[in-house]
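S.K.: Compute the structure for the input listed below.
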Amino acid sequence: MLSPLLLSINWNPDPELFRLFGSIPIHYYGLLWVVGIILAGFIVQREYRDRRISDEKFAPLFFYCIVGITLGARLGHCFFYGWEYFQNHPWEIIFPIHFLPDGSWKWIGYRGLASHGGTLGLIIALWLYCRKTKIHYMDVMDMIAVAAPIAACFIRLANLMNSEIIGKPTDVPWAFVFERVDMLPRHPAQLYEAIAYFIFFIGMIYLYRKGQKQQQRYHRGFFFGLCLTEIFIFRFFIEFLKENQADFENTMDFNMGQWLSIPFIIAGIYFMFFYRRKQTIKK
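M.R.: Okay, here's the model as predicted:
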C-alpha cells in the first residue's frame, strides 16, 4: 500500500521569477497580483462602457483600487495578524524592506497582505473615488464586484507560488507537500480558493451578461452583496482546512479569518436582499 507521501505532489517552486536590472527581484507573488488586477480592470472598463460612463471617469479608478487594496491588505495583515512584531517595527508596515540587526536592510516585498483588509481598503478607496467622479457609489461597487473574483483567484495562485496560507495535513491523493514548510502532505487550500473564485467569476459574468441581453437591471447593490456573500462564506468554511496564520489563533474557537468574514457575510446578505427594499421606501 502506498504511503500518503508517495501519492502527494511535491511543491517547491522558486518564488523569484527573475531579477530586474540584476538586483531587484521580481516574484511570482507580485506578478500574479498585478495580472489579476489588470484583468479585473479590463472587465470593469467594459462595464463602464456598457453604462456609457466616460473613459475620463474610468481613468483614475485603477489608481484608487491599487492604493486601496494594497494599503488595506498590508494594514490588515499588520494589525490583525502581526501586531506583536510590527508595533516594534513600524517602518516595515509601510516599506517593503526588512531592517537587519546591523542597521542594514534588504528588499523583501510586501509578504504580508490580508484579504479582509484589502476588501475594506478597496471599499473606502472607492467611496473617495465616487466623491470625486460623482458616480453613484453602489453602481461602482456592483461593477467592481463582477470582476473581483478573478482578481481574488490570481491572488490565491500567488499564495500558492509562495507556499503560504497552507492547508492542514491530509491523506487525500491530491495533497501538496510544501517543502519550504515541512514534508507533510497538506490540503492545497490556496488552490481550493483559486478554483472557487474562478467559478464565482464565471457565475458573475453569466448573470451580468444575462441582465444585459434581457435588459434586466439587477437592483443596485445586488452584485456587491453577492460577491461579498459567496466569497466570505466560502472563506469562512475553507478556514477549517487551513493552518492558523498566527499563534494566538490556536486558542480561538474560530480563527481570525473566520471572525473577520462574518461582518462581510452580513453586509453581503443585506445588499442582496434588503438594500432594494430600502431604496423602494425612499422613493
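
S.K.: tell me which residues of stretch 223-238 are tucked away?
M.R.: 223-236, 238 (16 or more other CB atoms under 10 Å). For every residue, glycine as well, the C-beta is placed using N, CA and C.

S.K.: Report the rounded mean pLDDT for it.
M.R.: For stretch 223-238, mean pLDDT is 96.

S.K.: same thing with stretch 184-200?
M.R.: The average pLDDT within stretch 184-200 is 97.

S.K.: Please apply the same query to stretch 65-78.
M.R.: Rounded mean pLDDT across stretch 65-78 is 84.

S.K.: do stretch 136-149 as well
M.R.: Mean pLDDT, stretch 136-149: 96.

S.K.: Buried residues, that stretch. List them.
M.R.: Buried residues in stretch 136-149, counted by 16+ other CB under 10 Å: 137-149.

S.K.: These in strands, which ones?
M.R.: Cross-referencing these against strands under DSSP state E gives no overlap.

S.K.: Please save the CA atoms from stretch 247-255 in PDB.
M.R.: The C-alpha trace of stretch 247-255 is given here as PDB (Å, rounded to 0.1, in the frame of the first residue of the first chain):
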ATOM      1  CA  ASP A 247      -0.100  31.500  17.100                       C
ATOM      2  CA  PHE A 248      -2.800  33.400  19.100                       C
ATOM      3  CA  GLU A 249      -5.500  31.800  16.800                       C
ATOM      4  CA  ASN A 250      -4.800  28.400  18.300                       C
ATOM      5  CA  THR A 251      -6.800  29.300  21.400                       C
ATOM      6  CA  MET A 252      -9.800  30.600  19.400                       C
ATOM      7  CA  ASP A 253     -12.900  28.700  18.500                       C
ATOM      8  CA  PHE A 254     -12.900  30.400  15.100                       C
ATOM      9  CA  ASN A 255      -9.700  31.800  13.700                       C
END
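
S.K.: Buried ones in that stretch, by neighbour count?
M.R.: Buried residues in stretch 247-255, defined by neighbour count with 16+ other CB under 10 Å: E249, N255.

S.K.: Contacts for stretch 253-262 next, please.
M.R.: 80-81, 116, 232-233, 235-236, 239, 242, 244-246, 249, 252 (CB atoms under 8 Å, 6 or more residues apart in numbering).

S.K.: any idea how far that stretch is from the chain center?
M.R.: Here the centre of stretch 253-262 is set off from its chain's centre by 16 Å, with CA atoms, centre = their mean, to the nearest Å.

S.K.: so for stretch 44-55, what's the average pLDDT?
M.R.: 94.

S.K.: what do you get for stretch 90-102?
M.R.: 65.

S.K.: Now do the strands in the stretch 51-200 of the chain.
M.R.: Here the stretch 51-200 of the chain has its strands, by DSSP state E, counting those that start in this stretch, at 97-99, 105-107, 176-178, 185-186.
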